[in-house]
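Trainee: need a structure here:
(4 chains, ligands or ions: 4)
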Amino acid sequence: MPQRTMVEALNLALDESMDRDDAVCIMGEDVGINGGVFRVTKGLHEKYGERRVMDTPLAECGIIGTAVGMAINGLKPVTEIQFSGFTMQAFDQIEQNMARLHNRTMGRFPMRMVLRTPYGGGIRAVEHHSESRETYWAHTPGLKVVIPSGPRNARALLAAAIDDPDPVIFYEPKAVYRAFREDVPEERETMPIGTSQVVREGKDLTLISYGAMMRPAREAVEDLVDEHGIDVELIDLLTISPMDSETLCKSVAKTGRCVIVHEGHRTCGIASEIIARINEGAFEYLEAPIKRLTGYDIPFPYFQTEQYFLPDADDIIESVRETMAWE
Amino acid sequence: MPQRTMVEALNLALDESMDRDDAVCIMGEDVGINGGVFRVTKGLHEKYGERRVMDTPLAECGIIGTAVGMAINGLKPVTEIQFSGFTMQAFDQIEQNMARLHNRTMGRFPMRMVLRTPYGGGIRAVEHHSESRETYWAHTPGLKVVIPSGPRNARALLAAAIDDPDPVIFYEPKAVYRAFREDVPEERETMPIGTSQVVREGKDLTLISYGAMMRPAREAVEDLVDEHGIDVELIDLLTISPMDSETLCKSVAKTGRCVIVHEGHRTCGIASEIIARINEGAFEYLEAPIKRLTGYDIPFPYFQTEQYFLPDADDIIESVRETMAWE
Amino acid sequence: MDTTPIDLGHIEVLQILDEHAQLDEALDPGYAPEQLLRMHRGLVLTRAFDQRMLTMQRQGEMGTFAPNLGQEACQLGQVIPLTRDDWYSPSYRSFGAQIWRGWSMERLFKLWSGYHEGFPPPPDVNDLPFSIVIGSHVLPAVGVAMGMRYRNEPHCMVVNYGDGASSQGAVSEAMNFAAVNKAPVVFVCENNGWAISTPLGKQSATSNLAVRGIGFGVPTIRVDGNDILAMTTAVEQAANRARNGEGPMLIEAITYRMSLHTTADDPTVYRSQELVDPWEARCPIVRFETYLQRKGILDAEDAERVRAECDAEVIAARDRFRTDAVARPREIFDHIYGELPAELEAQKQAYLDRLDRKGVE
Amino acid sequence: MDTTPIDLGHIEVLQILDEHAQLDEALDPGYAPEQLLRMHRGLVLTRAFDQRMLTMQRQGEMGTFAPNLGQEACQLGQVIPLTRDDWYSPSYRSFGAQIWRGWSMERLFKLWSGYHEGFPPPPDVNDLPFSIVIGSHVLPAVGVAMGMRYRNEPHCMVVNYGDGASSQGAVSEAMNFAAVNKAPVVFVCENNGWAISTPLGKQSATSNLAVRGIGFGVPTIRVDGNDILAMTTAVEQAANRARNGEGPMLIEAITYRMSLHTTADDPTVYRSQELVDPWEARCPIVRFETYLQRKGILDAEDAERVRAECDAEVIAARDRFRTDAVARPREIFDHIYGELPAELEAQKQAYLDRLDRKGVE
Ligand SMILES: Cc1ncc(C[n+]2csc(CCOP(=O)(O)OP(=O)(O)O)c2C)c(N)n1
Ligand SMILES: Cc1ncc(C[n+]2csc(CCOP(=O)(O)OP(=O)(O)O)c2C)c(N)n1
Ligand SMILES: [Mg+2]
Ligand SMILES: [Mg+2]
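Mentor: Residues are numbered from 1 along each chain as shown, chains lettered A, B, ... in the order given. Ligands and ions are numbered 1, 2, ... in the order given. Sure thing, here's the model as predicted:
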């Protein structure tokens, strides 16, 4: 199988979806000749022309708002917002139309559309370029929220998101874009949206994460297993909303202990929601408080200090050991 | 003491703040001669003129964006957004400037401003007029989020919010606006932002709520105590962010059981955050899973069915009894 | 460096039937008598519906709604030139246009009394649901039109919004997207002078809103919105342009909100009757009836009969609504996603149990 | 019904020094020689700073930033007419203007290499921090100007944004708010032809962006942005109007982005060198130097000396930056609120413990 970066894998998913279905089109700033600021749409303009790969004016609300209209008219727009920080400009169209039109029209106008956007820190970027605000979307009924962690699942999930009958917020961990390569098969591959993945089975503690944080999580697990003899069960959330509570609760019912890691801010973060669900679904099995290792409740810092804001493998190891030690 | 509705109490807080300080001004749609669609600013245009009570064009992003500029220039704008559903139109200015300018400028430009807006269901309104999306703001660093539950605390908290050095989202429970009257003293009164209130002490179970849901909560507590002999401790959150975890954890450490009630959607809702904090701060005292009684993860329904979406006193009683019965 | 002064073009104001119901012969669109009478009946029905809604609202049978008294010609004129393949995106004050487009009155009664099933456009009608959030439907409307171009369909979209809505940034973005993409869309800015209590002078520093199009390269026309012939003529031309691939156009329709903003509003607080009075004389229905009478195709008796028939039609619809409209609390979890996710299925089950407990059907 | 055609006014294009450095005598603002030389030095310093930043970026000492090669006159021209009581709201490409306004170059080096302390405007400078989010600073800038009116202060605000930014709905709203409130604000739309890879033709259907003001009732002028005399003259007039209570004005400054969008950009992917070449001949610095030489107040040797002095100044600032700039991870919880709430205090303590564990100072 060819080895691909996440950027290449995403490009592949877009290409094959466009090839199969003329209704799939791409809209966004600089997605045309320029191939997007991260080159995810590279070559597609050349291949499919500007009818299907549309450079838009610089207005995110306009992009999402018109894409909603294209979806009403039966197309399947895949929009790109250059950085997730700029989805704020489109918040009204996302909340009021993209998320609700299916419901408002009782299914007459399903919102088959995808909002792709890079999220997260770690690339020494300026302000508003490192946010992780998946909570906003998880709290918004009608949306699905998907966050891949590597090239292969990125490709499979993006293909599934484009096929999905519902509007999908597709958060791409930009720190992973070119960080490593993975085998990604030539043949089309999809993965079900709404399902989490147990990446490693274990019996001592459940470690839950997603997106870019899966890298330090994997690193930490290796160390925890090898050096500390802690048999960690590692879960990659993949779909943030609707959340696969069953998998999470089942795991914690087995291990009794849990640590959750994400970049996003802590208050009302995804970790809070997971804690609430485990409290509901596996309370009697809990042997220690569930530990949240998350971004702090402060604006993402300027890049000379961003590394201290982000959880790393050492922090994860520390949190797991602390949770193991709790009696 | 004069008896006042919440609308009258809020009007009083605005009036006395404007009277004390020429820097306080009001901006919003129809806040002038019309006195606001709920009449909260009634009479202020007449008294302070259109220099200080400004009818704006119909653009929420414009209202908050220009208010940010007025705050940069040392004024203390109190903005009104007609319904909290329309704050989506201003999301970018709230997240990017109102919440962050203090931090961006390292305190050079503190954001002394208030965004007042009615939230919540129960008044048979059309779509987008019944939302409770306090999670969006609680998850946004740099903001404070305040939700009063009755005329007296509404007046005291709004006065405190206008005095506060930080940007405050002030959510007004519109179902309470004219629902009842309360003694509200003539003399200026404030309440600290950031503190929750134990409304009734009890030892069996902690019931946490805020805003409009405090009414059914009080009703339920009365019944639970009188009819079921359950000694409920009732807490009114008042400030949603930053959250007063200490009061909450102390209470649950005492009672061992907890039910949380709010209108907002469940996933990543305020209840999840409270559960996460109690899990961290009072885990060892928990005798039963914490129960969430919240809005569902669906768009707020059309008004013929809204009453079924909203928790009521019976639901609260049921949840409390269920939680008491857990072994 | 190009130093030629910019040609800003010229913005017409179109009037065909003047305030004294005198026809500008040169501009007569030449409709057949049956068509003129159909238009007349549409106007009368719109007003009959409006008045019935107000009565029902006052009796507690209807939620808050926005009357459209005096704006009937403006609204019908937007949709009369449209085919069923064209699309229409109404505002919340457009029920006359919605009825013309094929929304049953029962559906509209349901909509305004809080039944979800009243909200979706009927299956065979190419309309958007209107948006309660001012201005937020305009970008989607442009997107629908962009979709027509994508598929090379020779139709158009007409989208309605108010003078207040024109201040929303999203409406400006919509004009820009439409212009850049040559989208087949006709913007109808229904300038009725007020956005709740805010008069045009506080909404905009310009004396008109047609000029808004100029800034985005959208050709513009001003129309007397109380003249149904001017409205249909302007919309027809703009629609044809759009269908022919010539891009968007903006029509500023000048009319007046004669009544309440909504039934929750009290205009006496912020506007004096003197402002309203002159517009009484500009009533679009009286103007059109006078013209039809002069033309000899409608007499006073006919007019009376049409009014009575329309009233009866509205009452019949109201009666059907009364028997039809049933709240369906068990269905609030339907139509959230294509398929209800497991997580929501669990919430739904708990909800249904709760309804059982409460004894709710 | 008022049927008079709308007067859309006339949009001038102002040029005082033409491309051959010929002065239009009738429009000569008549600056004293010292002032002209100060302006010249400002231009040269801006370019020296730009080039140094690029070198440092290529050597890994600087983060991504947006070069301003070729836009020096446009930028300085915006701020030269301002007093210290006036306000300025820069964009991310405005560092020439920031230096002129009193931002030290060390501060700007820090800003662009990720030190928070580089971001806030210096204590004695009435500037906004620029916004990374395109167009999101324009409404606050209008708000600052509204505050001046509130307090009856005879100053003004100049706010800069690009051709791309003009598409943001918030920028349209800003013009409307400014016009309605007669806010003393000068909008400078710096049209450099490109928004990353998007040329003006895909950004707008109009041939110019000045016309945008017309739609909102904001008087408008077009200016040759590579002519520093035209820029200062236009901004001075607009600023005086604003200070006198006559309201906002829009200046479209026509210039060209000669270099990369940012250091992360590769323009060869989307634009050919032929598009750039003609603009080489329009270099604002060469044009101004030619004029000064003809006028006899600057010779080639002077020019060389100024260049060397500016380079030295930039290098001295860089050296101070190198010793000064220290990351302060212990301070990321400062400046979030007026006073750190108890909840955040607890997060901060845990964070500091974590730094201790990691051995971070
Ligand atoms: C975004 C948003 N802001 C505010 C409102 C409240 N509101 C409802 S109608 C209205 C005035 C609309 O005026 P206009 O666009 O002129 O339409 P008209 O009512 O005159 O038909 C306002 C402010 C809303 N529904 N949506
Ligand atoms: C809201 C938002 N969308 C997208 C971006 C990414 N972006 C940064 S600069 C830029 C182009 C800006 O073009 P223009 O306004 O013409 O300014 P210029 O770069 O030419 O000076 C874009 C799209 C952003 N920073 N903010
Ligand atoms: Mg109106
Ligand atoms: Mg540009």
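
Trainee: contacts, neighbours, all on C-alpha from now
Mentor: OK.

Trainee: got the buried residues for stretch C:299-312?
Mentor: By neighbour count on 16 or more other C-alpha atoms under 10 Å in any protein chain shown, the buried set for stretch C:299-312 is C:303, C:306-307, C:309-311.

Trainee: Now the residue in the stretch 51-200 of chain C that chain D sits nearest to: phi and psi?
Mentor: Closest residue of the stretch 51-200 of chain C to chain D, C-alpha to the nearest C-alpha: residue C:169 (3.6 Å). The phi/psi pair for residue C:169 (degrees, to the nearest 10) reads phi -50, psi -40.

Trainee: now residue A:263
Mentor: Per degrees, to the nearest 10, the backbone of residue A:263 is at phi -80, psi -30.

Trainee: residues contacting it?
Mentor: Residue A:263 is in contact with A:120-121, A:132, A:213, A:294-295, A:310-311, counting by C-alpha atoms under 8 Å, 6 or more residues apart in numbering or on different chains.

Trainee: top of those by neighbour count?
Mentor: residue A:120 (28 neighbours; other C-alpha atoms under 10 Å in any protein chain shown).

Trainee: For the chain, which segments are assigned as helices?
Mentor: Went with chain A since none was named. Secondary structure of chain A, counting by DSSP state H: helices at A:6-20, A:44-52, A:60-72, A:91-93, A:101-104, A:134-138, A:151-163, A:214-228, A:245-255, A:270-281, A:306-309, A:313-325.

Trainee: if you could check chain C rather than the one you did, that'd help
Mentor: So, for chain C - with DSSP H - the helices run C:33-58, C:72-79, C:95-101, C:105-112, C:138-151, C:169-180, C:200-203, C:211-214, C:228-243, C:273-280, C:284-295, C:300-324, C:342-358.

Trainee: if I read this right, residue A:82 contacts residue A:118, doesn't it?
Mentor: Yes. The criterion here is C-alpha atoms under 8 Å, and residue A:82 meets it with residue A:118 at 6.9 Å.

Trainee: Break chain A into its domains for me.
Mentor: Under automatic domain parsing, the residue ranges defining each domain of chain A are A:3-183, A:197-325.

Trainee: same check, this time on chain C
Mentor: C:3-326, C:331-361.

Trainee: highest average neighbour count across those domains?
Mentor: domain C:3-326 (a mean of 21; mean count of other C-alpha atoms under 10 Å in any protein chain shown).

Trainee: quick check, it touching ligand 2?
Mentor: No. Against ligand 2, domain C:3-326 shows no contacts by C-alpha under 6 Å from any ligand atom, the least distance being 13.1 Å.

Trainee: got the residues of chain C near ligand 1?
Mentor: So far as C-alpha under 6 Å from any ligand atom goes, chain C lies against ligand 1 at C:93, C:132-134, C:161-165, C:192, C:194-196, C:261.

Trainee: can we see that at 5 Å?
Mentor: Within chain C, the residues that sit near ligand 1 (C-alpha under 5 Å from any ligand atom) are C:133-134, C:162-165, C:195-196.

Trainee: okay if I get the residues you listed as CSV plus distance to residue C:152 and pLDDT?
Mentor: Listed next are these as CSV, based on distance: C-alpha to C-alpha, whole Å; pLDDT from 0 to 100:
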residue, distance to residue C:152, pLDDT
C:133, 31, 98
C:134, 30, 98
C:162, 30, 98
C:163, 32, 98
C:164, 33, 98
C:165, 30, 98
C:195, 37, 98
C:196, 40, 98
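
Trainee: For residue A:126, which of the helices of chain A is the nearest?
Mentor: Closest to residue A:126 of these is helix A:306-309 (C-alpha to C-alpha; 10.5 Å).

Trainee: Put the alpha carbons of the closest one into PDB.
Mentor: Taking C-alpha atoms only, helix A:306-309 is exported to PDB below (Å, rounded to 0.1, in the frame of the first residue of the first chain):
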ATOM      1  CA  GLU A 306       2.300  27.100  23.100                       C
ATOM      2  CA  GLN A 307       4.200  23.900  23.900                       C
ATOM      3  CA  TYR A 308       3.400  24.500  27.600                       C
ATOM      4  CA  PHE A 309      -0.300  24.800  26.900                       C
END
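
Trainee: List the buried residues in that helix.
Mentor: For helix A:306-309, by 16+ other C-alpha under 10 Å, it's A:306-309.

Trainee: more neighbours, residue A:82 and residue A:118?
Mentor: residue A:118 (25 against 21).

Trainee: coming back round to it: can you pull the contacts of the closest residue to the residue of the stretch 51-200 of chain C closest to chain D other than its chain neighbours?
Mentor: Among residues not flanking residue C:169 along the chain, residue D:169 sits closest, at 3.6 Å (C-alpha to C-alpha, 6 or more residues apart in numbering or on different chains). Shown in contact with residue D:169 (C-alpha under 8 Å, 6+ apart): A:59, A:61, C:168-173.

Trainee: hmm, try it at 7 Å
Mentor: Residue D:169 sits next to C:169-170, C:172-173 when contact means C-alpha atoms under 7 Å, 6 or more residues apart in numbering or on different chains.

Trainee: can I get the domains of chain C in JSON lines with distance to residue B:255?
Mentor: Shown next, in JSON lines, are the domains of chain C (distance: least, C-alpha to C-alpha, whole Å):
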{"stretch": "domain C:3-326", "distance to residue B:255": "42"}
{"stretch": "domain C:331-361", "distance to residue B:255": "26"}
